[in-house]
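Asks: Let me see the structure of the following:
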Amino acid sequence: VQLVDSGGGLVQAGGSLRLSCAASERTFSVYTMSWFRQAPGKEREFVAAIAWSTGGNPYYPDSMKGRFTISRDNAKNTVYLQMNPLKPEDTAVYYCAASIQLLRPGLFENPDYYNYWGQGTQVTVSS
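Replies: The predicted structure is shown next:
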């Protein structure tokens, strides 16, 4: 499975972006899709997760609740991350990730549980 991230760019604080993650093939073996981000000099940070087959139970860490929304379109093999309003501290490279396991809170956040990664898309938020 190959994942292709897109949709990043430069936006002013308060603006919005929608990121996309397209899978190269039907993801029969994928159970969890997530977004992470990594700012310069910082560790990769979990942003959001969703159950791939059902789309149910989107999960967000407390720091991301209210401004980020994850969704998926199985017909298009695509996962989205809607972000608004954006803040300068959201500046980072955003990566989608896929796991062949049905993860849960406590596991979502660990990059080691993911089998496939996108190449990343840069999001820059100016103040």
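
Asks: What strand or helix carries Ile50?
Replies: Element membership of Ile50, judged by DSSP states H and E, is strand 45-51.

Asks: Can I get that strand in PDB? Just the C-alpha atoms.
Replies: The C-alpha coordinates for strand 45-51 follow below in PDB (Å, rounded to 0.1, in the frame of the first residue of the first chain):
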ATOM      1  CA  GLU A  45       3.000  14.000  17.200                       C
ATOM      2  CA  PHE A  46      -0.300  12.200  16.800                       C
ATOM      3  CA  VAL A  47      -3.100  14.300  15.400                       C
ATOM      4  CA  ALA A  48      -6.200  12.100  14.700                       C
ATOM      5  CA  ALA A  49      -7.300   8.500  13.900                       C
ATOM      6  CA  ILE A  50     -10.200   6.800  12.300                       C
ATOM      7  CA  ALA A  51     -11.400   3.200  11.800                       C
END
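
Asks: Could you list the residues in contact with it?
Replies: Residues outside strand 45-51 that contact it (Cβ atoms under 8 Å, 6 or more residues apart in numbering): 31-39, 56-61, 64, 68-72, 79, 81, 92, 94, 102-103, 108-109. (Each C-beta comes from the backbone N, C-alpha and C, glycine too.)

Asks: And for stretch 105-112?
Replies: Contacts for stretch 105-112 (Cβ under 8 Å, 6+ apart): Thr32, Ser34, Phe36, Arg44, Phe46, Ala49, Tyr59, Pro61, Ala97, Gln101, Tyr113.

Asks: Quick one: mean pLDDT over it.
Replies: Stretch 105-112 carries an average pLDDT of 96.

Asks: circling back to that earlier point, hmm, which of the contacts of stretch 105-112 are the buried ones?
Replies: Thr32, Ser34, Phe36, Arg44, Phe46, Ala49, Tyr59, Ala97 (16 or more other Cβ atoms under 10 Å).
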